[in-house]
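# let's see this in three dimensions:
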Amino acid sequence: MENHYEHAVNLNQYLRLNGKWQFVPVVKENGKPNPKPVLIDGKAVIPKGDVFNLDWREDGKRRTRPAGTSLRQALNAWHLQSGIRTGEIEPEEDPDDSGEGLSID
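So this is what the prediction gives:
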């Protein structure tokens, strides 16, 4: 049986709380993020921040990636990464991973 958490992608906002910068989870509704409110001490709060990040686990390691600065960018990034994690979307080739690059010669 496949573990659903194996593919889970979380959407967070990077906010300054009590003098410290922290990743704060956005509210989820029916399993999908609603990037406007975030959860602070278990309560939904609408912050004055707009830097979003994704995080997930891959090969036992926590991975993070910027997800934009607008609600639409954040949702699009979450849908894309979730689709890649579940296998519904084929990931794009990263040009840096092609094995070809500049040589010293």
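
# strands of the protein, start to end?
The residue ranges that make up the strands of the chain, judged by DSSP state E, are 9-17, 20-29, 32-40, 43-45, 52-58, 61-68.

# tell me how far the closest residue to residue 65 other than its chain neighbours lies from residue 11.
The shortest distance from residue 65 to any residue that is not its chain neighbour, by C-beta to C-beta, 6 or more residues apart in numbering, is 4.9 Å, and that residue is residue 54. (Each C-beta comes from the backbone N, C-alpha and C, glycine too.) For residue 54, the distance to residue 11 under the criterion C-beta to C-beta, to the nearest Å works out to 6 Å.

# neighbour-wise, which of the two wins?
Neighbours per residue, other C-beta atoms under 10 Å: of residue 54 and residue 11, the larger number sits with residue 11, 24 against 21.

# I'd like to know how far residue 26 sits from residue 39.
7 Å.

# the two: which is more packed in?
Taking other C-beta under 10 Å, residue 26 and residue 39 do not tie; residue 26 has more neighbours (23 against 14).

# that concludes my questions; thank you for your assistance.
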